[in-house]
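K.L.:
can you look at this prediction? I've put the sequence above it.
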Amino acid sequence: MRKKRKDGFTEVSAFSKTPFHFRFLYLGLAYTLLALSEIFISKHTRSIIEFLSICVFIISLIWLTWKFVCFRIEFNRSPFKKLQKYIQVNKLYEEEKREVGINEKRNVKRKNVIYNSAYFSYKVTDDQLIIRAWKYADKFSDKANTQDTMLSALFGIELYKKYDNIQYCDYVFGLKRDKRLTVGKSEIVNGYEIQMTEKIKWQLGSPPHALVVGSTSSGKTYLVNMLILDYLRMGAKVYIADPKSADLSVVGRIIDIQRYGKVTNTATNENEIAKLFREANEEMEKRYREWFADKNSFGKIWKDIPNAKPLVIVFDEYAAFASVSSQKVVKEVNGYLFNLILKGRQAGIEVVMVMQRPDANILSGNLRDQFGVRIGLGNMTEDGKKMMFGSVDMKYKTITEIKCTP
């Protein structure tokens, strides 16, 4: 039988039967056909009542047939039917021969009987299909978290998320395609949320700091410009370090002149960048002294402080800075950078680093691990993905067409 759980999930296994309302409709259609046949067989059809009865039966038959066909099509496309067939086709059940009675010759009748099955549950919302594979410590438990490709093929939908739990594994499929946002038209939700696409967003500081990696012409500059627009909408103070003196430094100067009347928070050479990070570090330490010095500040963060605003440091092409600057300045900036990344979250400090490749000899692994948001752009190599995300077990979606809206 089909079992619906209290959490809204419907259970499916090799023991599941056709839903009751479908069987009821089938029986209704069968009984109508039998009744109609009986009337036609009968020769007493001369009265108006019997004639009207036949008309009612014909109309009922047509309506039931139409409902039956529509429901049959809908049922065959339903997650219940697909999962039921999936279990059968892939032999996700165990069976054995059992005695079921005695035949006419007094011999024992045997029949294959299912005694164990893999269990799935599903739940359909407005924009998601959630398939839950249960782990019941049997032979099917090891397969519960390896159904990605098969389930995607079964439903013809790309996997959106996967949650592997001790007792089950959830596969989340998006029923609505994610859409890109037009730069300049995105809005901040609840004050401090950055919307990347219609479905993807993150709260400033949760997780903290962002690492943006991509080759030349992969779109890093446009992405960072979008992030800066969002930070400015929050009222954040933005520091920009651009050792290449490229487009990002131009953006920084424009922001500085409009806000302060002069260039104050944009740095291009090594001494300016060191000064910028020194000032950011001093600002962070000042915030700790003023906001979190007494016992009443226990458990608080910068959002709990009245009129507090975030401070964002955007560092473009750190590799270029590290390769052309003196080792003394690089060591000084690295010390400030490490301190800001480790301590900045509570004080509202956000670091955004933009690089072409996060090599360990340029950006140390313990520092790279502190970036909660990691964005890879362009066709990254396997080594690049492993350095960036720590794993290459996931599938990465490649976009072959880029549409530009004027």
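P.N.:
Noted; the coordinates are in hand. Residues are numbered from 1 along each chain as shown.

K.L.:
all strands of the stretch 251-400 of the chain, in order?
P.N.:
Secondary structure of the stretch 251-400 of the chain (DSSP state E, counting those that start in this stretch): strands at 266-267, 311-316, 349-355, 373-377.

K.L.:
so what's Met234 up against?
P.N.:
Counting by Cβ atoms under 8 Å, 6 or more residues apart in numbering, Met234 touches 188, 191-192, 204, 309-310. To be clear about C-beta, it is placed using only N, CA and C from the backbone, and glycine gets the same treatment.

K.L.:
scratch that, Ile114 is what I was asking about
P.N.:
Ile114 neighbours (Cβ under 8 Å, 6+ apart): 14-15, 93-95.

K.L.:
so what pLDDT did it get?
P.N.:
pLDDT for Ile114: 88.

K.L.:
distance of it from Arg106?
P.N.:
27 Å (Cβ to Cβ, to the nearest Å).

K.L.:
ditto for Lys139
P.N.:
Separation of Lys139 from Arg106 (Cβ to Cβ): 37 Å.

K.L.:
repeat for Val312
P.N.:
87 Å.

K.L.:
now swap in Tyr93 and tell me
P.N.:
Using Cβ to Cβ, we find Tyr93 at a distance of 32 Å from Arg106.

K.L.:
neighbour count winner among those two?
P.N.:
Set Tyr93 next to Arg106 and count neighbours by other Cβ atoms under 10 Å: Tyr93 wins out with 16 against 6.

K.L.:
I figured the more buried one hits Ser117, correct?
P.N.:
Yes: Tyr93 lies in contact with Ser117 (Cβ atoms under 8 Å); the separation is 4.2 Å.

K.L.:
what touches both of the two?
P.N.:
What both Tyr93 and Ser117 touch, as defined by Cβ under 8 Å, 6+ apart, is the set 13-14, 87.

K.L.:
got those as CSV, with neighbour count and distance to Tyr171 columns?
P.N.:
Shown next, in CSV, are the shared contacts of Tyr93 and Ser117 (neighbours: other Cβ atoms under 10 Å; distance: Cβ to Cβ, whole Å):
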residue, neighbour count, distance to Tyr171
Ser13, 20, 17
Ala14, 18, 19
Ile87, 22, 15
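
K.L.:
quick one on the thing from earlier: out of the contacts of Met234, which is most surrounded?
P.N.:
Busiest of the contacts of Met234 [other Cβ under 10 Å] is Leu204, holding 24 neighbours.

K.L.:
hmm, Ala308 and that one touching each other?
P.N.:
No: judged on Cβ under 8 Å, Leu204 makes no contact with Ala308 at a distance of 12.0 Å.

K.L.:
tell me where the model's unsure across the chain.
P.N.:
1-6, 18-58, 60-75, 178-190, 390-406 (pLDDT under 70).

K.L.:
pop the domain breakdown of it in here.
P.N.:
Domain segmentation of the chain under automatic domain parsing yields 9-86, 93-174, 193-389.

K.L.:
of those, flag the one that's most buried.
P.N.:
Mean neighbours per residue, mean count of other Cβ atoms under 10 Å, is largest over those for domain 193-389, with a mean of 17.

K.L.:
start and end of that one, how far apart?
P.N.:
22 Å (Cα to Cα, to the nearest Å).

K.L.:
for that domain, the distance to its chain's centre please.
P.N.:
Centroid separation between domain 193-389 and its chain, computed with Cα atoms, centre = their mean, to the nearest Å, is 25 Å.

K.L.:
and the contacts of Met234, which two are furthest apart?
P.N.:
Across the contacts of Met234, the longest distance by Cβ to Cβ is 13.2 Å; it joins Ile188 and Lys309.

K.L.:
circling back: the contacts of Met234 into JSON lines, with extra columns for distance to Val333?
P.N.:
Converted to JSON lines, those look like this (distance: Cβ to Cβ, whole Å):
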{"residue": "Ile188", "distance to Val333": "30"}
{"residue": "Gly191", "distance to Val333": "31"}
{"residue": "Tyr192", "distance to Val333": "27"}
{"residue": "Leu204", "distance to Val333": "23"}
{"residue": "Lys309", "distance to Val333": "24"}
{"residue": "Pro310", "distance to Val333": "21"}
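
K.L.:
of these, closest to Ala280?
P.N.:
Pro310 (11.8 Å).

K.L.:
phi, psi of that closest one?
P.N.:
Backbone torsions of Pro310, given as degrees, to the nearest 10, read phi -70, psi 160.

K.L.:
isn't there a strand covering Lys97?
P.N.:
Yes: under DSSP: H, G, I helix; E, B strand; the rest coil, Lys97 falls within a strand.

K.L.:
what helix or strand is the nearest residue to it once chain neighbours are set aside on?
P.N.:
Spatial nearest neighbour of Lys97, excluding adjacent residues (Cβ to Cβ, 6 or more residues apart in numbering): Arg110 at 4.7 Å. If you go by DSSP states H and E, Arg110 is part of strand 108-117.

K.L.:
who does that strand pair up with?
P.N.:
Applying DSSP bridges to the sheet, strand 108-117 is found paired with strand 93-102 (antiparallel).

K.L.:
what sits up against the partner strand?
P.N.:
Outside strand 93-102, the residues touching it (Cβ under 8 Å, 6+ apart) are 13-14, 87, 108-118, 139.

K.L.:
ok, so of those, who is nearest Ile157?
P.N.:
Looking across these and measuring by Cβ to Cβ, the closest to Ile157 is Ile87, at 18.8 Å.

K.L.:
between strand 108-117 and the helix or strand hosting that closest one, find me the angle.
P.N.:
If you go by DSSP H and E, Ile87 is part of helix 79-89. When axes from the mean of the first three to the mean of the last three Cα atoms, to 10 degrees is applied, the directions of helix 79-89 and strand 108-117 differ by 120 degrees.
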